[in-house]
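> pasting the sequence and the predicted coordinates here, then a few questions.
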Amino acid sequence: MSYLGYRDGDENTPFGEFFDPQMAPLPAHVVEALEHGPQAEPVLPGFDDVAALMDSTVQQTENGYGRLAGGAFQVSVRTDMPGVTPPMWDWWFGWHGSDSRRYKLWHPRAHVCAQWRDGGADVRYVGRTSLVREYLGSADTRAAIQFVEPSLLGLVVPETDVAICARLGSADLPVDVGWLIHHVRPTADGAQMRSRFWMGGRFVAVRRGFGITDRAVAPIAARQLPDPRDLLVHCAQEMNHLAAFLPQLYARMTQTDPPLSV
């Protein structure tokens, strides 16, 4: 299924009706961040202070991107999701990875295919690697998303919340290039997701077991990095698109009633 969109017959699944290539405009707060352009490093969330994500206090940069010392960059996106609950996202990250038709629901204009490296079909995702192909802007990207326990990054996640954490790397080369965190917390009318990415620079490393130095692989890793602006747009598009129908999809596939909006 290495092609964009659905073709004849792809919709013949219990979830096929949720595939919709028409995507809503970007939220106003994301458009404003894009208009501001790159931000100064001191106002961007620091990887060494990721625990601040668990605080409900508004951070200085909830939406934006910018370059960091040493060649790295950081991207932040907020997604407001009425009617959604944190457990729905926990379910989604395990459920979508075993079928490219599910993965395409998330971003119908950019997601090509997905599969678990171990070939399994269960809904566990922590400790597994998702191999995906997607477009970030116009760049055809093949990534390995290695999901880890939040505690590995020093996060203590409240029982009401969900934190999806992963090491980001290449699907074709033994090199990792960054980290992501999606923190989902409940709000009065649903949930809010804070997405944070740190990539490039000091976040690049060769995977264990390969006799290559980090310095030698740095030029190769640089070619694996997306444009930070494209990453911000992509994240905002996919999270807002899926959030619009995630309660109904979750209800359909788990046979539970969707939550009521306040």
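Received the coordinates, thanks. Numbers count the residues shown, from 1 in each chain.

> how far away is the nearest residue to E17 once chain neighbours are set aside from F19?
If you skip the residues right next to it in sequence, E17 has E11 as its closest partner in space, 7.0 Å away by Cβ to Cβ, 6 or more residues apart in numbering. In this view, the C-beta of every residue, glycine as well, is placed from N, C-alpha and C. As for E11, its distance to F19 is 6 Å (criterion: Cβ to Cβ, to the nearest Å).

> the two: which is more packed in?
The residue with the greater number of neighbours, taking E11 and F19 and applying other Cβ atoms under 10 Å, is F19; the counts read 17 against 13.

> so what's the more buried one up against?
By Cβ atoms under 8 Å, 6 or more residues apart in numbering, the contact list for F19 reads Y6, D10, E11, R101, K104, L105, P108.

> pull out the buried residues from these.
Taking 16 or more other Cβ atoms under 10 Å as the criterion, what is buried in these is Y6, R101, K104, L105, P108.

> can you tell me the closest non-neighbouring residue to the last one?
The shortest distance from P108 to any residue that is not its chain neighbour, by Cβ to Cβ, 6+ apart, is 4.5 Å, and that residue is P21.

> that neighbour sits in which helix or strand?
Per DSSP states H and E, P21 falls between elements, in no helix or strand.

> how about the contacts made by it?
Residues in contact with P21 (Cβ under 8 Å, 6+ apart) are G5, P108, R109.

> export those to TSV and append columns for secondary structure, pLDDT and distance to V43.
Rendered in TSV, the data for the contacts of P21 read as follows (DSSP: H, G, I helix; E, B strand; the rest coil; pLDDT from 0 to 100; distance: Cβ to Cβ, whole Å):
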residue	secondary structure	pLDDT	distance to V43
G5	coil	96	38
P108	coil	98	33
R109	coil	97	31
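
> and these as CSV, adding distance to L68?
What follows is the contacts of P21, written out as CSV (distance: Cβ to Cβ, whole Å):
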residue, distance to L68
G5, 35
P108, 32
R109, 29
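
> so which of those comes closest to P247?
Proximity to P247 was ranked across the contacts of P21 by Cβ to Cβ; first place goes to P108, at 18.5 Å.

> the closest one against F18, yeah?
No. Taking contact to mean Cβ atoms under 8 Å, the distance of 9.8 Å between P108 and F18 leaves them out of contact.

> roughly how far does the residue nearest to P108 sit from V112?
For P21, the distance to V112 (Cβ to Cβ) stands at 14 Å.

> closest to Y250 out of the buried ones among the contacts of F19?
Distances from Y250 to those, taken by Cβ to Cβ, are shortest for L105, at 12.0 Å.
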